[in-house]
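*Asks:* Next input, structure requested:
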Amino acid sequence: MKSLQKFLPKYSIALALLFIATLFFLMTKGNSVAIEAVEVTHAELIQAVYATGFVEADAVANLNAECSGTVSYVGALEGQHINAGQKLFQFDSPQPQLAVHEAQSALAEQQALLRDSRRRSVRKKNLFSEGAISRQELEDAEKNSTQSEELLQQRVFQLKMREDDLNKLTVIAPFSGVLTLQNVKKGDYVIINTLVARVVDTSRFMISVEVDELDVPRMRHGQVATVAFDAYPEKRFSAVVARIVPQTDQITKTSRIYLTLDHPPGNIQAGMTATANIIYNVKPNALLVKKSSLFEDNRQSYVWKIEKGRLKKQPVQQGESDMTYVEVLQGLKKGDKIALSPDKSLHEGLEVNITSAKKP
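*Replies:* This next block holds a predicted model:
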């Protein structure tokens, strides 16, 4: 019994100490939290306009039939490479050929009449010099000769027009490239103005992108851009702004920008989907933090700064930004550590345990 009485005080003291330790742990546990932090540092801030679009050939020719006729010759097939001046199609039509023959006959007849008129004019001059005819007869002969020359010029012009019409029966490639559309085949009857072929110059491609009207004032000729294609998701290509179309679409509220690639891939094709980041400003030594670390309170920007293991609600002044980072003009310095994600449960003075420290 005496030994039990001696043991109880010691046991009570141990229980009391355990209770106090447990209470202290529970009280302090709510004032400490594990948090991911980043270190503020200087880095290059690149501001760019994001745009989407398609690959377009710089030179595209839609070839229409300039007269009606039956296709008698096909000189190239869809997908084949063609050369400038190459005959692609030939049409047969009797009317233009007949018109050329008639114009040739009329020209030959007028040439003969002109020769006769010139001989008569020379003869009249000789007779007038001998006093055999009057001046009126001489002037009439000279007038007839002049009229014959004028008619001859008209016959020459008419023949050229008929030959031009005949040449319209032949479709010629305007430049070297690839025949991307063959709309007719041999034996087809084609009506005038029908689209028969399309030629694309595959040596020169451009990227056509649509830029929001709010970003158009930032665009300048010669600006550098980075282009990606859905067909080559792992690759990036350098480009520059070549043309800015001064027209905003009233429905989409976008303007068209044309980019030229510095080194286009060899198997690029018209119509491929492309995305571009057009760089309009570069700040080489900006103090940057991630946008995700900022929060607003009464129209003031803040970050949770970590000082001596505790949180401090730090006001900051923002500068320029891109899609991920924002420049800090005041409130932080290089090396400061801030909370990456400003959770609503965080508060001033909260003790934190940093789980990671990454540089932006």
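
*Asks:* helix, strand or coil for residue 222?
*Replies:* Assigned with DSSP: H, G, I helix; E, B strand; the rest coil, residue 222 falls in the coil class.

*Asks:* give me every residue that touches the closest residue to it other than its chain neighbours.
*Replies:* Leaving aside its sequence neighbours, residue 222 sits nearest to residue 240 (Cβ to Cβ, 6 or more residues apart in numbering; 5.7 Å). Every C-beta, even on glycine, is put in place using the N, C-alpha and C of the backbone. By Cβ atoms under 8 Å, 6 or more residues apart in numbering, the residues touching residue 240 are 222-225, 259-260, 262.

*Asks:* switch to 10 Å and redo it
*Replies:* By Cβ atoms under 10 Å, 6 or more residues apart in numbering, the contact set of residue 240 is 221-225, 259-262, 278.

*Asks:* Among those, which has the minimum pLDDT value?
*Replies:* Among these, residue 262 carries the weakest pLDDT, at 90.

*Asks:* Would you check that that residue makes contact with residue 237?
*Replies:* Yes: look at residue 262 against residue 237 with Cβ atoms under 10 Å: they come within range, at 7.3 Å.

*Asks:* which residues do the two both contact?
*Replies:* 225, 227.

*Asks:* And these two? Which one has more around it.
*Replies:* residue 237 (20 against 11; other Cβ atoms under 10 Å).

*Asks:* Give the buried residues for the one helix or strand the more buried one maps to.
*Replies:* If you go by DSSP states H and E, residue 237 is part of strand 232-248. Within strand 232-248, the residues scored as buried using 16 or more other Cβ atoms under 10 Å are 237, 239, 241, 244.

*Asks:* for that strand, the distance to its chain's centre please.
*Replies:* 5 Å (Cα atoms, centre = their mean, to the nearest Å).

*Asks:* Repeat that for stretch 65-78.
*Replies:* 33 Å.

*Asks:* Now that stretch: average pLDDT?
*Replies:* 92.

*Asks:* What of stretch 307-320?
*Replies:* Taken as a whole, stretch 307-320 has a mean pLDDT of 90.

*Asks:* Begin at 28 from now on, thanks
*Replies:* Okay, residue one is now 28; in that scheme the one you just asked about reads as stretch 334-347.

*Asks:* Need the distance between the two termini of that stretch.
*Replies:* End-to-end distance for stretch 334-347, by Cα to Cα, to the nearest Å: 26 Å.

*Asks:* Would you map out the domains in the chain?
*Replies:* The chain breaks down into these domains under automatic domain parsing: 59-70+312-385, 76-85+229-310, 88-115+201-228, 121-195.

*Asks:* measure the shortest one end to end?
*Replies:* Pointing back at domain 88-115+201-228 there. Terminal-residue distance, domain 88-115+201-228 (Cα to Cα): 9 Å.

*Asks:* Over to stretch 352-365?
*Replies:* 14 Å.

*Asks:* Also stretch 279-294?
*Replies:* End-to-end for stretch 279-294, by Cα to Cα: 31 Å.

*Asks:* which strands and helices sit next to the helix or strand hosting residue 310?
*Replies:* Applying DSSP H and E as the criterion places residue 310 in strand 300-317. In terms of contacts (3 or more Cβ pairs under 10 Å, 6 or more residues apart in numbering; DSSP states H and E), strand 300-317 is packed against strand 59-66, strand 68-84, strand 232-239, strand 251-256, strand 259-275, strand 281-288, strand 344-348, strand 352-357.

*Asks:* try 8 Å
*Replies:* Packing partners of strand 300-317 (3 or more Cβ pairs under 8 Å, 6 or more residues apart in numbering; DSSP states H and E): strand 68-84, strand 232-239, strand 251-256, strand 281-288, strand 344-348, strand 352-357.

*Asks:* Please report the distance of the nearest residue to residue 336 once chain neighbours are set aside from residue 232.
*Replies:* In space, and not counting its chain neighbours, residue 336 is closest to residue 378: 5.8 Å by Cβ to Cβ, 6+ apart. Taking Cβ to Cβ, to the nearest Å as the measure, residue 378 falls 59 Å from residue 232.

*Asks:* Which of those two has more residues huddled nearby?
*Replies:* Using other Cβ under 10 Å as the criterion, residue 378 and residue 232 rank with residue 232 on top: 20 against 14.

*Asks:* Please tell me how far the more buried one sits from residue 375.
*Replies:* With distances taken as Cβ to Cβ, residue 232 is found 58 Å from residue 375.

*Asks:* Local confidence estimate at the residue nearest to residue 249?
*Replies:* pLDDT, read off for residue 267, is 96.

*Asks:* Residue 166 now?
*Replies:* 79.

*Asks:* same question, residue 139
*Replies:* 84.

*Asks:* Which helix or strand contains it?
*Replies:* helix 121-156.

*Asks:* Buried ones in the helix or strand following that helix, by neighbour count?
*Replies:* Once helix 121-156 ends, the next helix or strand along the chain (criterion: DSSP H and E) is helix 162-194. For helix 162-194, a neighbour-count test (16+ other Cβ under 10 Å) marks 165, 168, 171-172, 175, 178-179, 182, 185-186, 189, 192-193 as buried.
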